[in-house]
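In: attaching a predicted model along with its sequence, questions to come.
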Number of protein chains: 2
Amino acid sequence: MTTRSIRLIEVALRAGVSVATASNALSGNRYVSPDFVERVVRAAEELDYRGNHSARSLRTGRLNTIGLVVPDVTNPFFAEIVRSIERFAAETDRSVVLSNTDFEPARESTALSSLRSSTDGLLLLSTGPDLPAVRALVEFGLPVVALDEIVEVAGVGGVYSDNEAGGRLAARHLVERGAKVPGLIEGPPKLPTAALRRRGFEAELHRLGARLDPAHVVQQPYSLDGGRAGTRALLAGGQVDAIFASTDMQAIGAVFESEDLGYGVPDEVLVCGFDGISWSGRIRPSLTTLQQDVSGLAGQAFDLLVAMMETGSPARDVILPVQLMPRESTARRVAG
Amino acid sequence: MTTRSIRLIEVALRAGVSVATASNALSGNRYVSPDFVERVVRAAEELDYRGNHSARSLRTGRLNTIGLVVPDVTNPFFAEIVRSIERFAAETDRSVVLSNTDFEPARESTALSSLRSSTDGLLLLSTGPDLPAVRALVEFGLPVVALDEIVEVAGVGGVYSDNEAGGRLAARHLVERGAKVPGLIEGPPKLPTAALRRRGFEAELHRLGARLDPAHVVQQPYSLDGGRAGTRALLAGGQVDAIFASTDMQAIGAVFESEDLGYGVPDEVLVCGFDGISWSGRIRPSLTTLQQDVSGLAGQAFDLLVAMMETGSPARDVILPVQLMPRESTARRVAG
DNA sequence: CTGAAAGCGCTAACAG
DNA sequence: CTGTTAGCGCTTTCAG
C-alpha cells in the first residue's frame, strides 16, 4: 500500500539529467534547453512526481500558504470572505490555513502564534487583537493584512469598509423614512466597526436635528440572538420606532423579535442592518442594509497581502465604500 | 525589522547543551535530566524559540496539518462542519488547510492533488469525487475520511448521516400531516445523499400506500435558488401539496417561493427539509427538517481520521441517526 | 544519559 | 547551458 514518495533525483535519473537540471526544468528558474525540459517533464509525469513541500520550503523559506483568521465561519458575512479568499488563493496556487476564533481573544492569540511559523502571510479578521502578538509577527517579518476590523499596528495593512459613512447613510435613511425615536443595537464595546458605525449614525442624526438617546443604545454580540435581545430591550415599553443594528445578523434578529413582540416591520418599527449578507435579501420582510463590497474587500486584502509577501510592498490602508440597499424593512411611506 | 528566526542550535548554545539534547528536552522524545530540561526550556523561552515547521516535517514526515475539502463554506451546513473540525484541530495543535470546491469537480481534483503533499490526513466532503485521484491518495498512504457524501474507495473512512432513514421519516411525517400528492426536490443527480434521501422517501411512501409520481420529482442544486426553482416547477398548476427537499437551503427556498406564488405553508403546501441548519428554526414559518448531528459527524470524522493517522487504524464507516424536527412548515392539523 | 554526525528532499551557488 | 555540491533546521541513529 503506502507507496514512498517520488524524489526529484528519481525523475532526474529517468530523464538522464542532473537534479539541478531537473529542478530548473520543472520550476523554470533557470533556462534549460527545450529537449531537456521535455524529457524531464515527461519523466515527472510518468513517475507522478509531486515534490516535497517541506523540503522546498526549508530551502526557499517560502511556504506558499497564507493564514486566514476569522471570528466565525458560521456567520454568513465571514463565510463569504473565506470563500473569496480561498478562491483567490487557489487561483494562485496557495493554500489557506483557516483559524476560527469564535470571537475569543485567547483563541485568536493562539492562532497568531501558530500561524507565524506556518504561513508566509496573514489575513486577520480580528475581534480583540493581541496587539503585542501582532507586533511580534510584523517585526518577525510576516506580512499581515487586517480585514474588516481595524488593527492598529504599524506595518499592518488594512482593508476596511467605510463604516462611519455607512452609519451616516443609515441615519439619514431612517430619518427620511420617518424615524422619530431611533435606537441602536451596537456591537461589542471593543470592536472598532461597532464604534465607527455608531459614530457615523450618531453624528448624522445630530446633523439632521434628531437625537440618539443614550438609553436607546444597547450593546450586543454580532449574532441573531444578540439582535433579538437588543430589540427586546429597545422595544420594552415601545420607546423606539426605528432600529439600526451594527450587523445584518443582529438586524435579522431585530426583525424577527419585533414581529414576535407584535410590532410590525416596517410599519411600527423600521429596521436597518449592516453587511449585506445574502440572507438580508431573503427574509421577509427583506432587510434594508448597508451593503459591504465583500469581494472587493477580499480581493483588495488578498492583493495587498500578496504584494507585501512578493515584493515587500509597504503596508497601506484601503477603505471601500458601502452602499445603502433600501428594502422592505424600511419601506414605509412617508407624508411629504 | 524582519528578525531572523531563532534556531535550535542557538537555544542549545545558550543552555550549554548539544542540539540533540535541546531537541529531546523540548520534545520529550528521550529522557533528559530535569535540570537540563529546565535550562533548555528557559533558554527557549528567553529567545522566543518557535522551531521551524518545514525542517521538522522534512525530518519526521509529519506535517501536523489536516486538509478539509468542502463544497461551499457559504452553506450553513458546511460552515458548521468547518467550524467544528477547526475547533477539534486547534485543540490538538493541528492546522487545517481549507479548500472550497464550489461543487466543481475540477476544483475538487485540484484540491486533492495539492493537499496530498501538504497534509497528513484528509477530510473530504465530496461532490463529484475524482475516484482515481482519491484512490491514488490512499495508495500513497494518506489517510482519507469522507464526510457527508459517500466516497466509494477501499481504504477511505466514512462518516455519514442515515440519509435513507431520514427520507423515510420525512415521508411518514408528511403523510401523517395529510400529504396526498407529495413532491420531491432532489439534489443533483450524482450526489449519493440525494439518491439515498430519495430512496428512503419513495420506499416509505410506497409502504404507506402513497405514491411519488415521477413527474413530481425535480432535480436542483443544493441551494436556496434551487429550492425556489424546483418549487415553481412542482407548483405550476398546483399539482403537489407537500414538498420534501433534499436540503434545508432548498426547503427554505421552497417555503419562500410557495408563499410568493400564493400558496400558504403549511396550509396549502407542507414543506420538509433535511440538515437542521440553524436557519431552519429561524425563518417564518419555521422549517420542519431532519436534523443531522453535525457535531457528532464532525467529531467522529475527526477522531477516525486522527486514529488512522496516528495508529494506522483501519478505515471504517460510521452512520449516525438523524432526527425529525417537526416545526411550523408542516404544522397542519389533520382530521383523525 | 548526552553528544556528534548523518541526512530528510530540495534549490542555489559555484564551477565548468 | 549543465552538473556538483553545500546546506536550509531539524530529529534520530549511533557512539561514548
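Out: Looks like it arrived, so ask away. Residues are numbered from 1 along each chain as shown, chains lettered A, B, ... in the order given.
In: show me what from the stretch 101-250 of chain A comes close to chain B.
Out: A:102, A:107, A:110-111, A:113-114, A:116-118, A:136, A:138-141, A:155, A:224 (CB under 8 Å from any CB of the partner chain). C-beta: built from backbone N, CA, C; applies to glycine.
In: if I pick the residue lying closest to A:M249 once chain neighbours are set aside, what's in contact with it?
Out: Of all residues not flanking A:M249 in the chain, A:L224 sits nearest, at 4.9 Å (CB to CB, 6 or more residues apart in numbering or on different chains). By CB atoms under 8 Å, 6 or more residues apart in numbering or on different chains, the contact list for A:L224 reads A:M249, A:Q250, A:I252, A:G253, A:F256, B:R282.
In: in helices, which of these fall?
Out: Members of these lying in helices (criterion: DSSP state H): A:M249, A:Q250, A:I252, A:G253, A:F256.
In: buried only: go through the residues you listed for me.
Out: A:M249, A:Q250, A:I252, A:G253, A:F256 (16 or more other CB atoms under 10 Å in any protein chain shown).
In: who touches the fourth one in this structure?
Out: The contact partners of A:G253, by CB under 8 Å, 6+ apart, come to A:S223, A:L224, A:D225, A:G226, A:G227, A:R228, A:A229, A:G230, A:T231, A:A245.
In: how near is it to A:T288?
Out: Counting by CB to CB, to the nearest Å, the separation of A:G253 from A:T288 is 15 Å.
In: can you tell me the SS state at the nearest residue to A:T92 once chain neighbours are set aside?
Out: The shortest distance from A:T92 to any non-neighbouring residue, by CB to CB, 6+ apart, is to A:V306 (7.1 Å). Look at A:V306: counting by DSSP: H, G, I helix; E, B strand; the rest coil, its state is helix.
In: re earlier: which pair of the residues of the stretch 101-250 of chain A next to chain B spans the longest distance?
Out: A:G141 and A:L224 (40.3 Å; CB to CB).
In: coming back round to it: check the contacts of A:G253 one by one and keep those near DNA strand C.
Out: Counting by CB under 7 Å from any atom of the strand, nothing from the contacts of A:G253 sits close to DNA strand C.
In: out of those residues, who's the most crowded?
Out: Among the contacts of A:G253, A:A245 has the most neighbours (other CB atoms under 10 Å in any protein chain shown), with 33 neighbours.
In: and that residue, how far is that from A:D275?
Out: 10 Å.
In: so is the most centrally placed residue in chain A in a helix, a strand, or just coil?
Out: For chain A, the residue nearest the mean C-alpha position is A:I81 (4.8 Å; CA atoms, centre = their mean). Following three-state DSSP, the label given to A:I81 is helix.
In: so the residue nearest to it when sequence neighbours are not counted is in which element?
Out: With sequence-adjacent residues excluded and distances taken as CB to CB, 6+ apart, A:I81 is closest to A:A298, at 5.4 Å. Using DSSP states H and E, A:A298 sits in helix A:294-311.
In: go on, A:A146?
Out: strand A:144-147.
In: what sits against the closest residue to A:L112 other than its chain neighbours?
Out: What sits nearest to A:L112 in space, not counting adjacent residues and going by CB to CB, 6+ apart, is A:A133, at 4.6 Å. Residues in contact with A:A133 (CB under 8 Å, 6+ apart) are A:S109, A:L112, A:S113.
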